[in-house]
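Chemist: Pasted the sequence and its predicted model underneath.
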Amino acid sequence: MKCGEFPALAKHKITIKRRSEAVTDYGGATTTWPTLATVWAVIEPQNGREVFAQDQIQSRVMSKMVIRYRSDLKDTATSGKYKVSYDGRDFPIVYIKNLDEDMKSEGKVFQVLACEENNAEN
């Protein structure tokens, strides 16, 4: 995908959320997911699998979401702090790749958000 193709292919509006943890008045912890940004994305389902977890069969679907580069997501080591919401579903981000215009080399034009739907953290 080249820069000129992105506007025509990015047909999905996604919301990126960042995990925030706070201590309650009673010393407990509470987790919230405030919105970081709402952006256009290209969503491509990659693969799916079924796993046996928590005494039941669960399906897991990996999706690749391509967005324009965002400097607040450039630290790929912290991808676990983010999730994507789309169409009433949550997709925890597994990893982020920063890509150049050729979609092959490291750069600051696009970002690939690899997400797994039905992850235990939903």
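Modeler: Thanks, I have the structure now.
Chemist: in which helix or strand would I find the residue nearest the centre of the chain?
Modeler: Among the residues of the chain, I93 comes closest to the average C-alpha position under C-alpha atoms, centre = their mean, at 3.8 Å. Using DSSP states H and E, I93 falls within strand 89-99.
Chemist: Describe which strands the helix or strand following that strand pairs with in its sheet and in which direction.
Modeler: Beyond strand 89-99 on the C-terminal side, the first helix or strand identified by DSSP H and E is strand 110-117. Applying DSSP bridges, strand 110-117 is found paired with strand 56-68 (antiparallel), strand 89-99 (antiparallel).
Chemist: Is the residue at the greatest distance from the centre of the chain in a helix, a strand, or coil?
Modeler: Going by C-alpha atoms, centre = their mean, the residue of the chain most distant from its centre is Y26, 32.2 Å out. Assigned with DSSP: H, G, I helix; E, B strand; the rest coil, Y26 falls in the coil class.
Chemist: Over to it: give its phi and psi.
Modeler: When read as degrees, to the nearest 10, the backbone of Y26 gives phi -100, psi 10.
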